[in-house]
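Q: sequence first, predicted coordinates after that:
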Amino acid sequence: MLIPGFLQSEKKSAQVAPTVVLPRSRHMAPRQRRFIVILLILSAVLMFGYSAISLYTAMIVESQPAVPVTQTPAAFGLHYRDVTFSSRIDHVRLRGWFIPGVLPNGHLTANRTLIVVHGTGSNRASPLVLGVSAALARKGFAVLAFDMRGMGQSDPAPLSEGYFEQRDVLGAVDFLRSGALPYPALGRPRIIGAWGDSMGAATILLAASHEPAIRAIVSDSGFAAIVPVLQSDHTISGIFLPGVLLAVRLLYGINYAAVRPVDVVARLAPRPLFFIQGTADSVVPPANLSLLAKAAETGPHAHVQVWQVKGADHVASFQVMGAIYIQRVVAFFTQALGPDTSTAA
């Protein structure tokens, strides 16, 4: 009796299994396969679209047209000579002006020369750069103001926010130390300082970490690191920023993640640094001022000055403060570089 019962239960189980499990398995498999195929196609389309937009954005960012130079120091009644020199390492041709300093007795001097560096999308003839250059020259400081690569009248090059442009500042130092003298009678500079705004300020800080000949620096609206600035001012849409940064590195060899003046300012000590920024800066968040100053103060025997200009927007402190701005910058450079010691003085 047990054997027939056992066989009957086995027979019933055999009858149930195929009607419940196997048909469902055969029915679901094609739907799952279609879902996976559709998901893969959508992923490929999204990846292609993301990559295409990132590459296009990278090329647009790196190929901005140069702003023409439309004014010269002659508009301020100053002597000047056109100069041409090359960047250090990669030898990009750069164009600029050498403006002698004017001493109280009217004599010209090159004894204390300041390298003046503009920001992104600008040139040596911008109202800020040329205005500051002229004011400093009238206070007895010679000025070498030049267009960075890809801007003004200098040779075309992709914008790297200081990554390659620091070589331009180093080339300016080389020119002052060993290039053809714009004014042979004035001789070579005894000492070199630098002033820069925005990207120009950041670029000087990066260059000075490789060049001790830059003895004092005024940084107006410089950034601590470029990637957070790109994120904060929405220059590049946030979701595409990683792709654009990768595209820029692959296409042009530019590593924006390495453009971090905050990492090198401590090494500039004991050279004097003067950080200036407006409290209403809408491009470089004002917190960058304290980030740079605090990092610089960690250097041995650091000499750091800070000036927050109330209500000033990006690179607008000179516009807001006028003569007071020049007075403070001149006082800083006079203390840092010493008096003019040329025979003309």
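A: Arrived safely, thanks for sending.

Q: low-scoring stretches of this structure, by residue?
A: Scanning the chain for pLDDT under 70 picks out the ranges 1-28, 48, 50, 52-63, 233-238, 240, 344-345.

Q: domains of it?
A: Under the assignment named as automatic domain parsing, the residue ranges that make up the domains of the chain are 37-66+237-254, 68-225+260-337.

Q: please tabulate those domains in CSV, including the columns mean neighbour count.
A: For glycine as for every other residue, the C-beta is placed from the backbone atoms N, C-alpha and C. Written out in CSV, the entries for the domains of the chain read as follows (neighbours: other CB atoms under 10 Å):
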stretch, mean neighbour count
domain 37-66+237-254, 14
domain 68-225+260-337, 21
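
Q: residue 231: which of those domains is closest?
A: Nearest to residue 231, of all the domains of the chain, is domain 37-66+237-254, at 6.3 Å by CB to CB.

Q: residue 31 is nearest to which of the domains of the chain?
A: Using CB to CB as the criterion, the shortest distance between residue 31 and these is 10.7 Å, found for domain 37-66+237-254.

Q: how long is the closest one end to end?
A: In domain 37-66+237-254, first residue to last residue: 37 Å (CA to CA, to the nearest Å).

Q: on that earlier part again, can I get the domains of the chain in a markdown table with distance to residue 29?
A: Formatted as a markdown table, the entries for those read as follows, by distance: least, CB to CB, whole Å:
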| stretch | distance to residue 29 |
| --- | --- |
| domain 37-66+237-254 | 13 |
| domain 68-225+260-337 | 52 |
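
Q: just the helices in the stretch 1-150 of the chain please.
A: Using DSSP state H, counting those that start in this stretch, the helices assigned to the stretch 1-150 of the chain run over residues 2-20, 22-62, 127-138.

Q: can you give the distance of the shortest one from its chain's centre?
A: Taking CA atoms, centre = their mean, to the nearest Å, the mean C-alpha location of helix 127-138 is offset from the chain mean by 22 Å.

Q: other residues contacting that helix?
A: By CB atoms under 8 Å, 6 or more residues apart in numbering, the list of residues contacting helix 127-138 from outside reads 71, 73, 75-76, 78, 97, 99-102, 114, 116, 118, 122-124, 143, 145, 195, 197, 315, 318-319, 326, 329-330, 333.

Q: quick check: bridge partners of residue 144?
A: On DSSP bridges, the residues paired with residue 144 through beta bridges are residue 98, residue 115.

Q: isn't it up against residue 172?
A: Yes - if you go by CB atoms under 8 Å, residue 144 and residue 172 touch, sitting 5.7 Å apart.

Q: now for those two: what residues contact both?
A: With CB under 8 Å, 6+ apart as the test, residue 144 and residue 172 both reach 96, 115.

Q: how about the contacts made by the closest residue to residue 66 other than its chain neighbours?
A: Taking CB to CB, 6 or more residues apart in numbering as the measure, residue 66 lies nearest to residue 151, with 5.2 Å between them; neighbours along the chain are not counted. Applying CB under 8 Å, 6+ apart, one finds that residue 151 lies in contact with 66, 67, 118, 121, 122, 123.

Q: make it 7 Å
A: Contacts here follow CB atoms under 7 Å, 6 or more residues apart in numbering; on that basis residue 151 touches 66, 67, 122, 123.

Q: for the first one, grab phi and psi.
A: Looking back up the chat, that one is residue 66. Listed backbone geometry of residue 66 is phi -70, psi 140, with angles given as degrees, to the nearest 10.

Q: try residue 277
A: phi -160, psi 150.

Q: that one contacts residue 223, doesn't it?
A: No - here residue 277 does not reach residue 223: they are 9.7 Å apart, not a contact under CB atoms under 7 Å.

Q: what is in contact with these two at once?
A: Contacts common to residue 277 and residue 223, judged by CB under 7 Å, 6+ apart, are residue 288.

Q: helix, strand, or coil at residue 334?
A: helix (DSSP: H, G, I helix; E, B strand; the rest coil).

Q: one more: residue 288?
A: helix.

Q: and it, what does it touch?
A: When contacts are counted by CB under 7 Å, 6+ apart, residue 288 touches 223, 224, 277.

Q: got a markdown table for these, with distance to residue 207 too?
A: Shown next, in a markdown table, are the contacts of residue 288 (distance: CB to CB, whole Å):
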| residue | distance to residue 207 |
| --- | --- |
| 223 | 15 |
| 224 | 16 |
| 277 | 20 |
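
Q: so which strand or helix has the spatially most central residue of the chain?
A: When the chain is reduced to its mean C-alpha position, the closest residue under CA atoms, centre = their mean turns out to be residue 161, at 2.9 Å. Assigned by DSSP states H and E, residue 161 belongs to no helix or strand.
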